[in-house]
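[1] Build the 3D model from these lines:
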Amino acid sequence: MAKKILVVDDTAAHLEKIREIIAGAGYQVATASSGHEGVAKAKSEKPDLVLLDIVMDDLDGYGACREITSDEETKNIPVIFVSTKNQRADRLWAEKQGAKALIAKPIDGEEILKHVQRYV
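    Down below sits the predicted model:
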């Protein structure tokens, strides 16, 4: 059974590009286009990993990550941010929210797959 990755991004082009990279590597992919939807899908889909954008309208990635990593049902699912926010402070804040890593956009397929393989 292929491992399942949940991709959460409110930009359709980014969501599709990451989905293609992950599916192309043989993983199952679930997608969500908002923070709230991402948290709900993490609970319903039980993915092996969540790739999460930070800058989103309804619930930002930091808030979604806190919800996923503090909920009893989903706390063991690793979360990796994929974001344009790439300053040292952003990385530190990402770790404080419970994320395993922060991958900088623009999207680099090799970088994403390297992190996915590390945590799945």
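
[2] Which helix runs longest in this structure?
    As assigned by DSSP state H, the longest helix anywhere in the chain is helix 12-24.

[3] and the spatially most central residue of the chain, what are its bridge partners?
    Geometric centre of the chain, nearest residue: L51, 1.5 Å, by C-alpha atoms, centre = their mean. For L51, the beta-bridge partners are V7, I80 (DSSP bridges).

[4] how much space is there between it and T11?
    Distance, L51 to T11, using C-beta to C-beta, to the nearest Å: 13 Å. Just so you know, the C-beta spots here come from the backbone N, C-alpha and C atoms, and that holds for glycine as well.

[5] cool, V50 as well?
    Counting by C-beta to C-beta, the gap from V50 to T11 is 17 Å.

[6] Which one's more surrounded, these two?
    Taking neighbours as other C-beta atoms under 10 Å, V50 and T11 compare with V50 leading, 30 against 14.

[7] List the residues that contact that one.
    Contact partners of V50, counting by C-beta atoms under 8 Å, 6 or more residues apart in numbering, are 5-8, 38, 42, 68, 77-80.

[8] how about 10 Å then?
    Going by C-beta atoms under 10 Å, 6 or more residues apart in numbering, V50 touches 5-8, 30, 32, 38-39, 41-42, 61, 64-65, 68-69, 74, 77-81, 99-100, 119.

[9] filter the residues you listed to the buried ones?
    5-8, 30, 32, 38-39, 41-42, 61, 64-65, 68-69, 74, 77-81, 99-100, 119 (16 or more other C-beta atoms under 10 Å).
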